[in-house]
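Chemist: kindly generate the corresponding structure for this input.
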Amino acid sequence: MTNIDTAFGRPHDDEYAPFYAGYVGLVPAGDVRHHLRAQLQETLATLTGVTDAVANKAYGPGKWTLKEVVGHMSDAERVFAYRLLRIARADATPLSAFDENAWVPASGAGDRSLDNLLLEFVAVRFATSALLDSLSPDAWVRRGTASGKSISVRALAYIAAGHERHHVRILRERYLGNG
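Modeler: Numbering: from 1, shown residues only. Reported below is the predicted structural model:
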């Protein structure tokens, strides 16, 4: 049986691919479940009141619009949560990669209101939080394979939190000019 402090602690470097180290490193010490809830409030505070005119703009040629970034955040968190669920339930089936650059244009985020995209993100985050709250300490340290790499459930929780933190920082600095 896994100790609760061990289960909820920061994942070790061997629990995720090196690509994700930047995301994991953005998450402060403490229970990642609390961070996910607090981050949601910070993200909503950052984006509430942003007009669709602003949200339809990209900060540079070939870059996503603010709306597309928010849609990507929901899509990516769904993928992280799906992987997390499969691995937590001891499903050993290797999970495939996804290409966010192919998904974003197909998402139709630019045709939706920012408020609608934010409502979706709230729903996704609530679902992720409920899933994480349901897991036993043993499930948190289970490992599986995603994108051809070994990954743990707790690493996926940290990656979800760090991924949001990464994108919200970019939104503040490059889209809203209040980094």
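Chemist: find the nearest non-adjacent residue to the most centrally placed residue in the chain, please.
Modeler: By CA atoms, centre = their mean, the chain has its centre lying nearest to residue 160, at 2.9 Å. Leaving out its chain neighbours, the residue that sits closest to residue 160 by CB to CB, 6 or more residues apart in numbering is residue 80, at 4.4 Å. Quick note: C-beta positions are derived from backbone N, CA and C, even for glycine.
Chemist: so where do the helices sit in the protein?
Modeler: When assigned using DSSP state H, the helices of the chain occupy the ranges 4-8, 21-25, 32-47, 52-55, 66-88, 100-107, 114-134, 137-140, 153-170.
Chemist: could you measure from the residue nearest to residue 160 over to residue 167?
Modeler: Distance from residue 80 to residue 167, counting by CB to CB, to the nearest Å: 13 Å.
Chemist: who has more neighbours, these two?
Modeler: residue 80 (24 against 18; other CB atoms under 10 Å).
Chemist: pretty sure that one contacts residue 158?
Modeler: No. With contact defined as CB atoms under 8 Å, residue 80 and residue 158 do not form a contacting pair (9.7 Å).
Chemist: could you list the low-pLDDT ranges of the protein?
Modeler: Across the chain, the ranges flagged by pLDDT under 70 are 1-6, 179.
Chemist: try it again with 90
Modeler: Low-confidence segments of the chain (pLDDT under 90): 1-9, 29-30, 177-179.
Chemist: just give the number of residues close to residue 71.
Modeler: Neighbours of residue 71 (other CB under 10 Å): 24.
Chemist: grab the nearest non-local neighbour of it.
Modeler: Per CB to CB, 6+ apart, closest to residue 71 is residue 109, 3.3 Å.
Chemist: what's the local residue count around that neighbour?
Modeler: 26.
Chemist: ok, now which ones touch residue 42?
Modeler: residue 168 (CB atoms under 8 Å, 6 or more residues apart in numbering).
Chemist: rerun that using 10 Å as the cut-off
Modeler: By CB atoms under 10 Å, 6 or more residues apart in numbering, residue 42 lies in contact with 35, 164-165, 168, 172.
Chemist: can you pick the most crowded of the residues you listed?
Modeler: residue 164 leads the contacts of residue 42 on contacts (other CB under 10 Å) with 24 neighbours.
Chemist: circling back to that earlier point, which one of the helices of the chain is the most hemmed in?
Modeler: helix 153-170 (a mean of 23; mean count of other CB atoms under 10 Å).
Chemist: and it with helix 66-88, angle?
Modeler: Calculated by axes from the mean of the first three to the mean of the last three CA atoms, to 10 degrees, helix 153-170 forms an angle of 170 degrees with helix 66-88.
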